[in-house]
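K.L.:
Quick one: sequence plus predicted model below, questions after.
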Amino acid sequence: MPVIFVDEYGTAWDSNKKANNDARDIFAIIGVYFADRDAYSLAEKSFFELKNKFFFSKNVVAHDQKMRKGKHPFYAFQDASKKSAFYHEFAQRAAQWDYDVFLAIIDQPAHFGKYVASPVNPYRVALQFMLERFELNKQIFAPNSVDLILESRGENFDQTLTCVIANRCRLRSSFSYQPPIYHSFFFKKGDGVAGLEIADLLLASAWRVEYNANIGTISANRAGIGMLAPLSTVKVQAFDSVVYDLAVKPKYLKPIGTTSGQVHLKFFPS
């Protein structure tokens, strides 16, 4: 049975806010797809070995934001060379694992500016994009089943997402098929689920690289609705480029058959 691990960057706005004109405006989501339990188990074993090597325990939660800043308990990562060594080895190991990646980036000020009358929570939009791309390009439809592992945002919001997952409240789309049956689990970051930690590390580098590379597209989309303030780039570490080049870009979801256009990356609105 396939399994998809989902992680997100940023806080999904529930209403329009003043734009910061930098990366604080975006909401990003990544889906990491393993075709079966065997593929995931190999990645999990390798990831545990990595954590044992650097943290002396596989039970330490590899939290990118804390590691990147050298915050508790990762004070050792205030040494830039030690931090870089971890991310380089993570990228090298991940390059050997068998998985697919989908990334969605939502520009929230443009989203709320464009859909003034009926805005939808950006997380719901991004999640639907992700599910549809995997369903179509991996050809996973009912009655097939998929395990879906997400980070919990609280029971009420988690239930809102299950409505999208179960296809009870997805936005109208041109796709006419019955989605697979999803078995959803919502865990906290501290629960130590390797797949969620892997997704967190991949997303942290992926959104930074893609945001800077596509900042012109984001600016052009904003200009179309009268938002003309210039956007600031985000800082990308050298190890971010390594993670992206080895463990994200080669793993991007590939289209099935003669599907036109990219299916691995979605900027919204576009």
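P.N.:
Looks like it arrived, so ask away.
K.L.:
For the rest of this, base every contact and every neighbour count on C-alpha atoms.
P.N.:
Will do.
K.L.:
can you give me the strands in the stretch 151-270 of the chain?
P.N.:
Using DSSP state E, counting those that start in this stretch, the strands assigned to the stretch 151-270 of the chain run over residues 181-187, 265-268.
K.L.:
Redo those as a markdown table? Include mean neighbour count and distance to Ala35.
P.N.:
Formatted as a markdown table, the strands of the stretch 151-270 of the chain follow (neighbours: other Cα atoms under 10 Å; distance: least, Cα to Cα, whole Å):
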| stretch | mean neighbour count | distance to Ala35 |
| --- | --- | --- |
| strand 181-187 | 17 | 14 |
| strand 265-268 | 19 | 19 |
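K.L.:
Put together JSON lines for those, with distance to Met67 and mean pLDDT on each row.
P.N.:
Listed next are the strands of the stretch 151-270 of the chain as JSON lines, based on distance: least, Cα to Cα, whole Å; pLDDT from 0 to 100:
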{"stretch": "strand 181-187", "distance to Met67": "20", "mean pLDDT": "96"}
{"stretch": "strand 265-268", "distance to Met67": "26", "mean pLDDT": "89"}
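K.L.:
Is it possible to get CSV of those strands that adds distance to Pro73?
P.N.:
Shown next, in CSV, are those (distance: least, Cα to Cα, whole Å):
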stretch, distance to Pro73
strand 181-187, 21
strand 265-268, 33
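K.L.:
out of the ones you listed, which comes closest to Pro119?
P.N.:
strand 265-268 (12.7 Å; Cα to Cα).
K.L.:
and the closest one, how far from the chain's centre?
P.N.:
Averaging C-alpha positions (Cα atoms, centre = their mean, to the nearest Å) puts strand 265-268 12 Å from its chain's average.
K.L.:
Parallel or antiparallel, which strands does that strand pair with?
P.N.:
Here strand 265-268 has these sheet partners by DSSP bridges: strand 100-107 (parallel).
K.L.:
and after the partner strand, which helix or strand comes next?
P.N.:
For strand 100-107, the following helix or strand on the C-terminal side (DSSP states H and E) is helix 108-114.
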